[in-house]
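>>> Model the structure of this input:
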Amino acid sequence: MDWEQRITEAWARLDDLSEEDFRALVTSAVAGAPEAVGKFEQAAAFDSTGHSDQAVPLYREALDLGLTGERRRRAVIQMASSLRNLGQPEIAVELLAAEQDAGSDHLDDAVRAFLALALVDVGREREAASIALGALAPHLPRYQRSLGNYARALLD
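Predicted coordinates for the structure are as follows:
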């Protein structure tokens, strides 16, 4: 079994194991994976078991080691969320605002959602509502155009 499959299987067991056992399983599963991937998966395991303070340094290491692709974007989103939870929403806003401009993929709405949360925490509620509603608008069965216009108007 390759490391990618072991990681997938480890995450499938998140709700079945104690926090410690789950983190140990993830650590074992990343054997043979690129170091950046291993650090990211370990960070995510800490995050998913309520230890944002231990996750953030591992996310930073993973990014510094050159994490790429979808995991890179997930690392930015997850680290920003953790920083927000640790009382550092300003840094979360910086990270997520930069990530919004870094390209586009299926995680765009996640970037916007977490940016909106961080903006609320720094007192920029109208901007947060605009971003959240703008992200929601394309998913509605009707009223996409109207909601998109209203979302932009919140900033005027």
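
>>> What ranges does the protein have for its helices?
3-11, 19-29, 35-48, 52-64, 69-85, 89-100, 108-121, 125-136, 144-153 (DSSP state H).

>>> Reformat these as TSV; add mean pLDDT.
Conversion of the helices of the chain to TSV gives the following (pLDDT from 0 to 100):
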stretch	mean pLDDT
helix 3-11	96
helix 19-29	97
helix 35-48	98
helix 52-64	98
helix 69-85	97
helix 89-100	97
helix 108-121	97
helix 125-136	96
helix 144-153	94
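
>>> need these in CSV with mean neighbour count, can you?
Any C-beta I mention is one placed from the backbone N, CA and C, and that applies to glycine too. Shown next, in CSV, are the helices of the chain (neighbours: other CB atoms under 10 Å):
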stretch, mean neighbour count
helix 3-11, 16
helix 19-29, 16
helix 35-48, 22
helix 52-64, 19
helix 69-85, 20
helix 89-100, 19
helix 108-121, 20
helix 125-136, 18
helix 144-153, 13
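
>>> who's in contact with the residue lying closest to Ala118 once chain neighbours are set aside?
Closest residue to Ala118 apart from its sequence neighbours, by CB to CB, 6 or more residues apart in numbering: Ala92 at 3.9 Å. Going by CB atoms under 8 Å, 6 or more residues apart in numbering, Ala92 touches 80-81, 83-84, 114-115, 118, 121.

>>> what's the burial count for Pro138?
Around Pro138 sit 11 other residues, with neighbours defined as other CB atoms under 10 Å.

>>> In contact with it, which residues?
144, 148.

>>> Relative to Arg13, how far out is it?
To Arg13, Pro138 is 34 Å away according to CB to CB, to the nearest Å.

>>> try Ala33
Noted for Ala33: a distance of 17 Å to Arg13, by CB to CB.

>>> Would you mind telling me which of these two has more residues around it?
Counting neighbours by other CB under 10 Å for Ala33 and for Arg13 shows that Ala33 has the greater number, 17 against 13.

>>> how about the nearest residue to Asp53, chain neighbours excluded?
Here the nearest residue to Asp53 in space, its sequence neighbours aside, is Leu86; by CB to CB, 6+ apart that works out to 6.2 Å.

>>> Pro57 versus the one you found, what's the distance?
Leu86 sits 11 Å away from Pro57, going by CB to CB.

>>> From the chain's centroid, how far away is stretch 136-144?
23 Å (CA atoms, centre = their mean, to the nearest Å).

>>> Ok, stretch 102-119 next?
Put simply, stretch 102-119 sits 8 Å off its chain's centre (CA atoms, centre = their mean).
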